[in-house]
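> fold the following for me, if possible:
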Amino acid sequence: MDEIGQKLRNARIKKGYTIDDLQQITKIQKRYLIAIEEGQFDHLPGDFYVRAFIKQYSDAVGISSDDLLEEYKADIPNSQPSQEVTPQETKTRSIKEESNSFFSNLGNYIPQIIVGIVVIVIIAVIAFGMVHRNQNASSVTIPKDNTTQTTKKTAKKSTKTTKKATAKKKTATKTVSVKSSGDNTYTVTNMPSAGLKVVVTGKGGQAWIQFTEGSNTTWQQALSDGEKKETTVPADTTSFKIQTGNINNTEITIDGNKLDLGTTDSESSIVKTLTFNVEK
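Below is the predicted model:
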């Protein structure tokens, strides 16, 4: 047993807590608490959870976690999030999203533009025909004015074209679909051009969360009961992952749809990595 594990164990015994008591207080599995006391950090889910669980343990037994982590920082694995996205990458992503939004909005007005061009062409043809007819008319023959009839036909055709354009626009609008592919893997289809809104919420207790886009860790933190963390996944992302230290205390909502994550009993691993593959 190493020094930090011995120190935590002595503090637990001084408090009068058993391992089972500490498991109820911290919501950390008993086997991980024992591994911390034995200094077997490689038995924990990852370097990120070593620091997180030690901090939770020390707070529960009345030891300053900041002082403890500073004192034994050479013995504790250090896991930092991936480098934040640089301003240049953020600017590039923003420009790409604005470009996609511009062409998407332009596409919505194409049917109306076509209808307007058709109406202009029809009016021009009618005007040309009337001028040509007036020039060739004799003093006896008076051409029949069919402007009203043509206008009615044009109005009917314009209305019909507008209805078709509206129907086409409604058909083109699709909702985001998230389906389970088994083994903690999900498939996301109909990714919005403006990006995918993902909300992770602590439910019924504390859960440690790590959010990864591709190979980059976007953020990681502990979410208390009712605490939310919102992320917008860019439209060009092909996959993202959500790692949770307690699946029973985690709730995930994607584009307004809450996922059914099920529950895991205390004898099973509550640490889960959920993978989301995006299909274009």
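
> helices of the protein, residue ranges please.
Per DSSP state H, the chain carries helices over the ranges 3-15, 19-26, 30-37, 47-60, 65-71, 87-136, 147-172.

> run through the neighbouring helices and strands of the shortest one.
Spelled out, that is helix 65-71. Contacts defined by 3 or more CB pairs under 8 Å, 6 or more residues apart in numbering; DSSP states H and E place helix 65-71 against helix 47-60. In this view, the C-beta of every residue, glycine as well, is placed from N, C-alpha and C.

> hmm, back to that, out of the helices of the chain, which gets the lowest mean score?
Among the helices of the chain, helix 147-172 carries the lowest mean pLDDT, a mean of 57.

> quick one: Q24 from N10, how far?
To N10, Q24 is 20 Å away according to CB to CB, to the nearest Å.

> nearest residue to T232 in space, please, no chain neighbours.
Distances taken as CB to CB, 6 or more residues apart in numbering place G195 nearest to T232, at 4.4 Å, with adjacent residues excluded.

> residue contacts, that neighbour?
By CB atoms under 8 Å, 6 or more residues apart in numbering, G195 lies in contact with E97, T232, V233, P234, A235.

> which residue is the nearest non-sequential neighbour of the most centrally placed residue in the chain?
The chain has V198 as the residue nearest its centroid, 3.1 Å off, counting by CA atoms, centre = their mean. Nearest residue to V198 in three dimensions, chain neighbours excluded: T231, at 4.9 Å (CB to CB, 6+ apart).

> wait, isn't that neighbour in contact with W219?
Yes. If you go by CB atoms under 8 Å, T231 and W219 touch, sitting 7.2 Å apart.

> and for these two, which residues touch both?
F211.

> test my guess that D20 contacts L33.
No. Between D20 and L33 there is no contact under CB under 8 Å: 9.4 Å.

> ok, these two, which is more surrounded?
For D20 versus L33, neighbours defined as other CB atoms under 10 Å are more numerous around L33 (22 against 10).

> how far away is the more buried one from E213?
From L33 over to E213 the distance is 32 Å, taken as CB to CB.

> do the same with T26
Distance from T26 to E213, by CB to CB: 29 Å.
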